[in-house]
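K.L.:
what's the 3D shape of this:
(chains A and B)
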Protein chains: 2
Amino acid sequence: MGEKIEMNLAIVDDLIKERKEQYLQQLFSLLKQESISTTNVGVRECALLLKEMMQASGIQSRLIETEGHPVVYGEWLQAENPFTVLIYGHYDVQPPEPLEEWQSPPFEPTIRDGRIYCRGVGDNKGQLMAQVLAIKTYLDSFGELPVNVKLVFEGEEENGSPHLASFVERHKELLACDLVYTSDGPMHVSGIPSVELGVRGILGVELVAHGAKWDHHSGNLGNIAPNPAWMLIDLLKTMRDDQGRVLIEGFYENIRQPTTYELDLFRKLPFDRKELIEQIGYADIEEDAETFYRLLSLEPTFNICGFHSGYGGDGSKTIIPAKASVKMDIRLVTDQDPDDIYQKLCTHVKKHAPAVEVLHQGDMRPSRTSAELEIVKVVVEAVRNAYSMDPLLVPGVGGSLPDYVWTQILGVPSVMVPYANADEANHAPNENMTVELFYKGISCTCHVLHRLGEFSR
Amino acid sequence: MGEKIEMNLAIVDDLIKERKEQYLQQLFSLLKQESISTTNVGVRECALLLKEMMQASGIQSRLIETEGHPVVYGEWLQAENPFTVLIYGHYDVQPPEPLEEWQSPPFEPTIRDGRIYCRGVGDNKGQLMAQVLAIKTYLDSFGELPVNVKLVFEGEEENGSPHLASFVERHKELLACDLVYTSDGPMHVSGIPSVELGVRGILGVELVAHGAKWDHHSGNLGNIAPNPAWMLIDLLKTMRDDQGRVLIEGFYENIRQPTTYELDLFRKLPFDRKELIEQIGYADIEEDAETFYRLLSLEPTFNICGFHSGYGGDGSKTIIPAKASVKMDIRLVTDQDPDDIYQKLCTHVKKHAPAVEVLHQGDMRPSRTSAELEIVKVVVEAVRNAYSMDPLLVPGVGGSLPDYVWTQILGVPSVMVPYANADEANHAPNENMTVELFYKGISCTCHVLHRLGEFSR
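P.N.:
Model (predicted):
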């Protein structure tokens, strides 16, 4: 039987090879179509384009409206085998700013040194197209798929997936499946493929302090008109000590300790500090392997993603700003609850700086799938076959995906197999994905479908 | 003799009345010419235009180059009387941002409800043109001036006058005079004219914290990549307590206590909290008169005029910023020395956050002229004649002007008589000056020249 897989998938890999240029052009078409969910630029146009491309790949596809941007839904349900895998991804991208730091325009896919540079190529269009083109390749090779496949590509992931949960809640029957499979985020920095079983949650907030009704001359009213930047700084310092520990009461309650098996898996993960330092672009990284994975996967963050007040141009402008705003994204770990943390944060602000406004900017629960499930092992095998090496099995990663909608709302296991290179620079200028890993992603999806077919037969 | 003045200056006031429209149009021409020194937009064009206007007003004028923007220098030296007054002002303006808050375009002078709205109208073009047009009016009325007049209009005041001191140092003979007369800044909030004798100094710094070499995804590297916004916040909190007291060692050394006479003058100044609250646009002003003037004139500030890091647009962008920067302007009082304070600040940063860069953004010494000089009383009289009310005599104001170049480099007394309304909104959107006060400024300059002539004869 092992031989049969090999033989079958050799056909698939040959076809991918034959269509290299064609598949690359399809990806480029999708990349050129902007789809910035946070500023609503080109999102629907991109959804329509993606639907057409899926349809042309043999997937019955349509847009399903949500309260926000539409979901592109596709399905192929003609398998003899009742097993159904649901593939999740997102077609929206981050804003491209700061523009001046891009070496080529952010929405013109450009190949340099074997990498495709374009906003959204790694996060998530390259990975999503690998999945779509895998189905096309498999269908063209064998005339059918080994399992039923449903695809859910949302348009609001970069905005915190505010409507995915209600979408899943509303379409539970349509989305019924046995496993959810996601390719998003970067591969491990070692270049070894991985199967990931959990994510951190997130809570986004903005704190806004108001001073006078308009900016004032800092000489004519200095020491008299209040300074909202200082108000925020005074508040922020009550929320976190200078070791980084969060001082909001009850913030660390409800954090689930990992199982022995999970800790074992963490310890087995490779760690190369030198490589990490290069990847981050910061020399002062002190952590050892265990501390690194613990901080990244098992501990919450209290990150400032933006702080803005007053004049920011060249030279100086001597004003007392009328307003100051800090945007924060707080990553949460199982079983912290974003609603609970938000309430605690509001209580803290009310106590220390009642005049400061707190704006809720979306949230997402953390999620974890047991590493000991049989189906997890099957996926691990398929990935091993695709990349010809042992994948890493990772109990949790640092980023946030709306994985809880599958594990908690649909109640099924969920695995994530990232296809993009570790240095994809997602969310940053010069986002990229290597051409090679794009093709590998197509191949890997074929392997996973194939192995799931064998497993469930 | 008092009668003669009255009569003479009735002629002057009649001429101003006759030329109302013509003088307004001359001001508008100057206002339309942008001259943003901080971004170098239109500055030289404005200098050339101003020179032509001065020449046309009977003042022999030329540009004198500096290491930065040129000085427009003018003189009329044909008085029989050897007394010379030097008039100082500046033709550069603040940047107009935030543009969206202007009710009419910032460089299109527009009259609404008796006010001229335009960037630079109060600070300082309206006041400067009042002086130029006063000389024209006086010359056209009497064929000569009662004293010699020199005019120095610089183009870098909004940038901290970085080259004025070296300019004065280099041209001591050319600039030799008996008194320096400046009209800048807003009048007292009560609407009563004032004669001001001192300014706060200023030290501008920018603190820059660097994290990783580029922005990172806050999930994929949260808790690992350093956050420069938090670095700055941690540093800033070591520099100032939450009562606003500066914690830099030695910051409060060298502050000269006011004389009894100066304190008396402060106590005589009017104070209307309700009006102040309206002017500032902030309800929570607690100070009484004494505290207010003390905080504003006798105490240094530690102001944040800009704090910028990471994403500031709509929605959210979950990054760990690569960089954070805070711009500060620190107002100093006699005899704090900007060089000394800068060294103390650098020492503090080196101790608490050695990785943070400190950029020097210009400075200016504080200045004070004795309130007990005879010449001060003469100016007070002239202003009383011009406005038909007792002016306030103010030992010091909150803003900064390069007044020390006159009192310390030229070694002469210096008086400031602001012509713009208290709510001129200098440095802010919708900067304005009332049409009435523009004409009053022309008249007041005539009165001052006239009275100085009588005094020195």
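K.L.:
which residue, other than its chain neighbours, is closest to A:Ile409?
P.N.:
Spatial nearest neighbour of A:Ile409, excluding adjacent residues (C-beta to C-beta, 6 or more residues apart in numbering or on different chains): A:Val168 at 4.9 Å. Using the backbone N, CA and C atoms, a C-beta is placed for each residue, glycine as well.
K.L.:
one more: A:Gly362?
P.N.:
Per C-beta to C-beta, 6+ apart, closest to A:Gly362 is A:Gly160, 3.2 Å.
K.L.:
likewise for A:Leu276?
P.N.:
Using C-beta to C-beta, 6+ apart, the closest residue to A:Leu276 is A:Ile285 (5.8 Å).
K.L.:
before we move on, what about A:Gln103?
P.N.:
A:Asn430 (5.8 Å).
K.L.:
kindly report the same for A:Tyr73.
P.N.:
Counting by C-beta to C-beta, 6+ apart, the residue nearest A:Tyr73 is A:Ile64, at 5.0 Å.
K.L.:
and the one you found, what pLDDT?
P.N.:
Note for A:Ile64: predicted pLDDT of 98.
K.L.:
quick one, what contacts it?
P.N.:
A:70-73, A:167, A:171 (C-beta atoms under 8 Å, 6 or more residues apart in numbering or on different chains).
K.L.:
bridging residues for it?
P.N.:
Bridge pairing for A:Ile64 (DSSP bridges) gives the partners A:Val71.
K.L.:
ok, now how distant is it from A:Val152?
P.N.:
9 Å (C-beta to C-beta, to the nearest Å).
K.L.:
joint contacts of these two?
P.N.:
A:71-73.
K.L.:
and which of those residues is nearest to chain B?
P.N.:
Distance to chain B across the shared contacts of A:Ile64 and A:Val152 (C-beta to the nearest C-beta) is lowest for A:Val71, with 19.2 Å.
K.L.:
that older thread, isn't the residue nearest to A:Gly362 right up against A:Gly204?
P.N.:
Yes. Between A:Gly160 and A:Gly204 there is a contact under C-beta atoms under 8 Å: 6.1 Å.
K.L.:
which residue is the nearest non-sequential neighbour of the closest residue to chain B within the stretch 1-150 of chain A?
P.N.:
Per C-beta to the nearest C-beta, A:Thr38 is where the stretch 1-150 of chain A lies closest to chain B, at 3.5 Å. Closest residue to A:Thr38 apart from its sequence neighbours, by C-beta to C-beta, 6+ apart: B:Gly315 at 3.5 Å.
K.L.:
for the one you found, give me its contacts.
P.N.:
A:38-39, A:159, A:361.
K.L.:
could you flag which of those are buried?
P.N.:
A:38, A:159, A:361 (16 or more other C-beta atoms under 10 Å in any protein chain shown).
K.L.:
contact partners for the first one?
P.N.:
For A:Thr38, the set of contacting residues under the criterion of C-beta under 8 Å, 6+ apart consists of A:94-95, A:158-159, B:313-317.
K.L.:
need the strands for the stretch 251-400 of chain A, in chain order.
P.N.:
Using DSSP state E, counting those that start in this stretch, the strands found in the stretch 251-400 of chain A span residues A:303-310, A:319-320, A:323-332, A:357-364, A:367-368, A:392-394.
K.L.:
could you dump those strands into TSV with mean pLDDT added?
P.N.:
Formatted as TSV, the strands of the stretch 251-400 of chain A follow (pLDDT from 0 to 100):
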stretch	mean pLDDT
strand A:303-310	97
strand A:319-320	96
strand A:323-332	97
strand A:357-364	93
strand A:367-368	92
strand A:392-394	94
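K.L.:
just how off-centre is stretch A:78-85 within its chain?
P.N.:
28 Å (C-alpha atoms, centre = their mean, to the nearest Å).
K.L.:
cool, and stretch A:163-174?
P.N.:
19 Å.
K.L.:
export it as CSV, just CAs?
P.N.:
In CSV, the C-alpha atoms belonging to stretch A:163-174 read as follows (Å, rounded to 0.1, in the frame of the first residue of the first chain):
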residue,chain,number,x,y,z
HIS,A,163,-17.6,37.3,12.2
LEU,A,164,-16.1,33.8,11.7
ALA,A,165,-17.6,32.5,15.0
SER,A,166,-21.1,33.6,14.2
PHE,A,167,-20.6,32.3,10.6
VAL,A,168,-19.6,28.8,11.9
GLU,A,169,-22.4,28.9,14.5
ARG,A,170,-25.0,29.7,11.8
HIS,A,171,-23.7,27.1,9.3
LYS,A,172,-22.8,24.2,11.6
GLU,A,173,-24.5,21.6,9.3
LEU,A,174,-22.9,22.9,6.1
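K.L.:
for it, give the mean pLDDT please.
P.N.:
Mean predicted confidence for stretch A:163-174 is 97.
K.L.:
same check, this time on stretch A:82-95
P.N.:
97.
K.L.:
bridged to the nearest residue to A:Val376 once chain neighbours are set aside, which residues?
P.N.:
Of all residues not flanking A:Val376 in the chain, A:Val415 sits nearest, at 6.2 Å (C-beta to C-beta, 6+ apart). Residues in a beta bridge with A:Val415, per DSSP bridges, are A:Tyr181.
K.L.:
show me the shaky parts of chain A.
P.N.:
Along chain A, segments meeting pLDDT under 70 span A:1-7.
K.L.:
domains for it, by residue range?
P.N.:
Split into domains by automatic domain parsing, chain A comes to A:2-199+A:367-456, A:201-255+A:300-364.
K.L.:
adding distance to B:Thr445, write those domains out as JSON lines.
P.N.:
Shown next, in JSON lines, are these (distance: least, C-beta to C-beta, whole Å):
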{"stretch": "domain A:2-199+A:367-456", "distance to B:Thr445": "47"}
{"stretch": "domain A:201-255+A:300-364", "distance to B:Thr445": "22"}
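K.L.:
my guess is A:Arg384 contacts A:Asp390. True?
P.N.:
Yes. A:Arg384 lies in contact with A:Asp390 (C-beta under 8 Å); the separation is 5.8 Å.
K.L.:
those two: who's more crowded?
P.N.:
A:Arg384 (16 against 11; other C-beta atoms under 10 Å in any protein chain shown).
K.L.:
can you give me the end-to-end span of stretch A:194-211?
P.N.:
Terminal residues of stretch A:194-211 are spaced 50 Å apart (C-alpha to C-alpha, to the nearest Å).
K.L.:
and the gap between A:Met54 and A:Gln60?
P.N.:
For A:Met54, the distance to A:Gln60 - C-beta to C-beta - is 8 Å.
K.L.:
what do those two both touch?
P.N.:
By C-beta under 8 Å, 6+ apart, the residues touching both A:Met54 and A:Gln60 are A:Gly74.
K.L.:
between the two, point out the one with more neighbours.
P.N.:
A:Met54 (26 against 13).
K.L.:
three-state assignment of the more buried one?
P.N.:
helix (DSSP: H, G, I helix; E, B strand; the rest coil).
K.L.:
check contacts around it.
P.N.:
Here A:Met54 is in contact with A:61, A:72, A:74, A:132, A:151 (criterion: C-beta under 8 Å, 6+ apart).
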